[in-house]
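> take a look and give me a structure for this.
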Amino acid sequence: MDQRQGFTLVELLLVVAILGVLAAVFVPALMGAARQARDRAALGYTHNVYKAAWAYLSEESGRALVTGDCTLAYAAGGYRVSAPPGSVQTCSVADRGDGTPSVTVVSRSGRTFRLP
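Reported below is the predicted structural model:
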């Protein structure tokens, strides 16, 4: 009677090859999903700063827009947007020339988001 215990070298190599192929397929997809999540967080911050700037302006006519760097946080009157997520590299609020805000955020992956 021949009783085999364990796996042959060919069987082990086959399993390792299959795992390698699966890793080669899934790792780039997961990295792309992580980059997309960071970009979405930066876009969300852009929206929050833009809404805070508009809320400040809409409270009272004739108010001047609070412009400048919003990389650390943004405050206009009683409206505050806390520190951005780590995915934000730079953020700035500017006047479009007609008293309305324009918010530009650059994410760590290099994508630029501009509102409006």
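> what about Gly68, neighbour count?
Using other CB atoms under 10 Å, the number of residues around Gly68 comes to 11. The C-beta positions use only the backbone N, C-alpha and C, and glycine is treated the same way.
> contacting residues for it?
Taking CB atoms under 8 Å, 6 or more residues apart in numbering, we find Gly68 in contact with Ser92, Val93.
> could you pull up phi and psi at Arg40?
In terms of degrees, to the nearest 10, the main-chain angles of Arg40 are phi -60, psi -40.
> same question but for Gly86, I mixed them up
Note on Gly86: its backbone torsions stand at phi -60, psi -10 [degrees, to the nearest 10].
> quick check: it vs Ala73, distance?
For Gly86, the distance to Ala73 (CB to CB, to the nearest Å) stands at 14 Å.
> list residues touching both of these two?
In terms of CB under 8 Å, 6+ apart, Gly86 and Ala73 are not both contacted by any residue.
> who has more neighbours, those two?
Using other CB under 10 Å as the criterion, Gly86 and Ala73 rank with Ala73 on top: 13 against 10.
> assign a three-state SS to the residue nearest to that one when sequence neighbours are not counted, would you?
The spatial neighbour of Ala73 that comes closest, neighbours along the chain excluded (CB to CB, 6 or more residues apart in numbering), is Ala83 at 5.3 Å. Under DSSP: H, G, I helix; E, B strand; the rest coil, Ala83 falls in the coil class.
> done for today, thanks.
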